[in-house]
Structure formats: C-alpha cells, structure tokens
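[1] following is a predicted model, sequence given first.
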Amino acid sequence: MNRNAYRQYSQVQIKTANKGKLIVMLYQGAIRFMKKAIHQLEQKDMEGKGKSLIRAQDIVLELLYALDQDMLAKGNELAVNLQRLYLYCYRRLVRANVDMDPEAIKEVAALMASLLEAWEKVVGSQNDAEADAPEPLQARVAITG
C-alpha cells in the first residue's frame, strides 16, 4: 500500500474511532515508534532514533493530556497513577534519547504494552456491551488515558 493511501486510511480510522479505540491506537503507535527507535539505535541511525523517540514522547504526552481533568482534580487514584506513570515514561524516553539507552526504551515499551493489553480488554468489553444493548448505550464511565 502506498504511503498516501495508508495515511488516508489512518486518518479515516482515527476520525471514526471512539475515545477508547483512540487510546488503544495511541498505545500501539507509541510502542511501534519505540521498537523502531531500538532498531535504529542498533543500526547506528541516530537521527532516525531521535525522530522515533520524539514521536513516542509526543504520543505519551497525548495520553497524558487525554486524562480526565475533573478526575485528576478530585484525586481519583487511577487517574493520578496514570498521570504519574505517563510522566515517568516521558522522562525515561527523554533520558533514553540523550543517553542512547535501549534498556530504558524497552522498559517503557513493556509498560505501554501492559497498559495496551488492559485498554484492549476495556474497549473490547465496551464494544460487547454496546452490541448487546437494545438502545444506544450511554457512557457511564469517564475514560482516562
């Protein structure tokens, strides 16, 4: 598939996805860029590694910004813990970029993979609930990044 067609397909997918699916896509993208950065680091492609890690950092920031601000303000434990984890991941990726540390990248990728797995279960259960509902299901839970 050519790049332009893939980009158009991705944009349609993003525009039509619900918030939970978007969060899953963000995790997938961050992990993909981290794996790419590790490969580029092994290949001594420092410019490519830097660009890939910056993309992963940007995605982690998007996840941070997606957190429900009301829940954070109220001290919701899950939201606060996710905020701390995202900030930790962001700092580790910045240090990994500066120090050229593949282990730090692998650590963050593993954390993101665990969160991705949990989000895939959440999104899957929401999709199942929506499919079983006789009427459109109203959101009852505020999804936090």
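    Received it, and whenever you're ready, just let me know what you need.

[2] which strand or helix spans the residue nearest the centre of the chain?
    Relative to the mean C-alpha position of the chain, the nearest C-alpha, by Cα atoms, centre = their mean, is the one of Y27, at 2.5 Å. Per DSSP states H and E, Y27 falls inside helix 19-42.

[3] spatially, what comes nearest to the residue nearest to the centre of the chain if we skip its sequence neighbours?
    Residue nearest to Y27 in three dimensions, not counting chain neighbours: L116, with 3.9 Å by Cβ to Cβ, 6 or more residues apart in numbering. Placement of C-beta: from N, CA and C, glycine included.

[4] from A96, how far out is that neighbour?
    Per Cβ to Cβ, to the nearest Å, L116 is found 19 Å from A96.

[5] could I get the helix holding Y27 in CSV with only the CA atoms?
    Presented in CSV, the C-alpha positions along helix 19-42 are these (Å, rounded to 0.1, in the frame of the first residue of the first chain):
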residue,chain,number,x,y,z
LYS,A,19,-12.2,7.6,22.6
GLY,A,20,-11.3,4.1,23.9
LYS,A,21,-10.2,3.0,20.5
LEU,A,22,-8.2,6.2,20.1
ILE,A,23,-6.4,5.5,23.3
VAL,A,24,-5.6,1.9,22.1
MET,A,25,-4.3,3.4,18.8
LEU,A,26,-2.0,5.8,20.8
TYR,A,27,-0.5,3.0,22.8
GLN,A,28,0.1,1.0,19.6
GLY,A,29,1.7,3.9,17.9
ALA,A,30,4.0,4.7,20.9
ILE,A,31,5.1,1.0,21.1
ARG,A,32,5.7,0.9,17.3
PHE,A,33,7.9,4.1,17.5
MET,A,34,9.8,2.7,20.5
LYS,A,35,10.6,-0.6,18.7
LYS,A,36,11.6,1.4,15.6
ALA,A,37,13.9,3.5,17.8
ILE,A,38,15.6,0.4,19.3
HIS,A,39,16.2,-1.0,15.8
GLN,A,40,17.5,2.4,14.6
LEU,A,41,19.8,2.6,17.6
GLU,A,42,21.2,-0.9,16.8
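
[6] give the buried residues for that helix.
    Within helix 19-42, the residues that count as buried by 16 or more other Cβ atoms under 10 Å are 20-31, 33-34, 36-38, 40-41.

[7] contacts for it?
    Applying Cβ atoms under 8 Å, 6 or more residues apart in numbering, the set of residues contacting helix 19-42 from outside is 13-14, 17, 46, 48-49, 52-53, 55-56, 59-60, 62-63, 66, 93, 96, 100, 102, 105-106, 108-109, 112-113, 115-116, 119-120, 122-123, 126, 143, 145.
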